[in-house]
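Enquirer: Only the shape, not the letters, is given here:
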């Protein structure tokens, strides 16, 4: 007696089941590939793609201009060491700025990792004929970072502004005023009382945390600059889910508060998670107009 057995190829139910299984495997493979690609891009590609943002201030009827390069939040650490800082140095020098400003948070966790000689070598190579300025960030305090930050900046040719002013003469009797505030979290920021405004001065206010900006409006500042937020670091993470370090009503870009302007940079490094997504690291070139009577200013517009 012969028995007949239907093959799976001629069995519609088995054929359908196998087709579904193949589609599921394909879908899972695509999802895995997308997740892997997303993680690889976020951890190994975007954090090293430094962009240059352009901002202008006081350019109406300006005969001359000053180029101010701003960078912030390098958060140097074991997987983003001083060697990576050279990408920033090269990006800054390529813009030929007159002044360079660093807005704080040099190391991510000084106790956990630091390489001061290598960092000094890189920062010292930044070129700015009219000066290099810096302010305190919250990561520059504590765990030995405080003394190191002072020493590193000094040996790198930076002037640290801690509730103090720096005047840069630009042409004849004109000057640009830079006021730097202390860190708002671990420091004691206040606007320096001895501030003087010379004829046609441009006033630039420097701070680390942008949320303190509203406390320092009313001084006639032409532009304030801040960092700290990293622009949220990743657009995949809703603002309410971000760590407190990265939460602010000033996320990235230009803002107006009480008739005065604030620019927030997305910074360079990362914190908590060493990844960025759709928020690449950036330096910012501020082109500031100068209404000089003579043509002896440092940078012609």
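Expert: Arrived safely. Note that the structure is a prediction, hence the values are computed from the model and not measured.
Enquirer: Tell me how many other residues crowd residue 105.
Expert: 28 (other CB atoms under 10 Å). Every C-beta, even on glycine, is put in place using the N, C-alpha and C of the backbone.
Enquirer: nearest residue to it other than its sequence neighbours?
Expert: Once flanking residues are discounted, residue 105 sits nearest to residue 137: 3.6 Å by CB to CB, 6 or more residues apart in numbering.
Enquirer: Give me the below-cutoff pLDDT ranges for the stretch 151-300 of the chain.
Expert: Residues of the stretch 151-300 of the chain meeting the criterion pLDDT under 70: 173, 194-200, 236-248, 293-300.
Enquirer: Which stretches in the stretch 51-200 of the chain count as strands?
Expert: Along the stretch 51-200 of the chain, the segments classed as strands by DSSP state E, counting those that start in this stretch run 51-57, 64-71, 99-102, 132-134, 158-160, 164-171, 174-180.
Enquirer: can you put those strands in JSON lines and add mean neighbour count and distance to residue 35?
Expert: Shown next, in JSON lines, are those (neighbours: other CB atoms under 10 Å; distance: least, CB to CB, whole Å):
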{"stretch": "strand 51-57", "mean neighbour count": "14", "distance to residue 35": "25"}
{"stretch": "strand 64-71", "mean neighbour count": "24", "distance to residue 35": "32"}
{"stretch": "strand 99-102", "mean neighbour count": "26", "distance to residue 35": "36"}
{"stretch": "strand 132-134", "mean neighbour count": "23", "distance to residue 35": "39"}
{"stretch": "strand 158-160", "mean neighbour count": "18", "distance to residue 35": "41"}
{"stretch": "strand 164-171", "mean neighbour count": "18", "distance to residue 35": "48"}
{"stretch": "strand 174-180", "mean neighbour count": "23", "distance to residue 35": "43"}
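Enquirer: Dump these into a markdown table; add distance to residue 83 as well.
Expert: What follows is those, written out as a markdown table (distance: least, CB to CB, whole Å):
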| stretch | distance to residue 83 |
| --- | --- |
| strand 51-57 | 20 |
| strand 64-71 | 17 |
| strand 99-102 | 18 |
| strand 132-134 | 21 |
| strand 158-160 | 20 |
| strand 164-171 | 30 |
| strand 174-180 | 28 |
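Enquirer: how about those strands, which one is nearest residue 251?
Expert: strand 51-57 (13.9 Å; CB to CB).
Enquirer: Tell me what angle that closest one forms with strand 64-71.
Expert: With axes from the mean of the first three to the mean of the last three CA atoms, to 10 degrees applied, the angle from strand 51-57 to strand 64-71 works out at 140 degrees.
Enquirer: same for strand 51-57, what does it pack against?
Expert: If contacts are counted by 3 or more CB pairs under 8 Å, 6 or more residues apart in numbering; DSSP states H and E, strand 51-57 sits against strand 282-290.
Enquirer: now do the same end-to-end measure for stretch 276-283.
Expert: Stretch 276-283 has an end-to-end distance of 15 Å (CA to CA, to the nearest Å).
Enquirer: buried set for that stretch?
Expert: 276-277, 279-283 (16 or more other CB atoms under 10 Å).
Enquirer: on that earlier part again, between the strands of the stretch 51-200 of the chain, which one is closest to residue 92.
Expert: strand 64-71 (5.2 Å).
Enquirer: in what helix or strand does residue 263 lie?
Expert: strand 260-264 (DSSP states H and E).
Enquirer: same thing with residue 26?
Expert: Counting by DSSP H and E, residue 26 is found in helix 12-40.
Enquirer: What's the local residue count around residue 275?
Expert: Counted with other CB under 10 Å, residue 275 comes out at 20.
Enquirer: Next: residue 261.
Expert: By the measure other CB under 10 Å, the count of residues near residue 261 is 18.
Enquirer: residues in contact with it?
Expert: 57, 221-224, 254-255 (CB atoms under 8 Å, 6 or more residues apart in numbering).
Enquirer: Brilliant, that's me finished.
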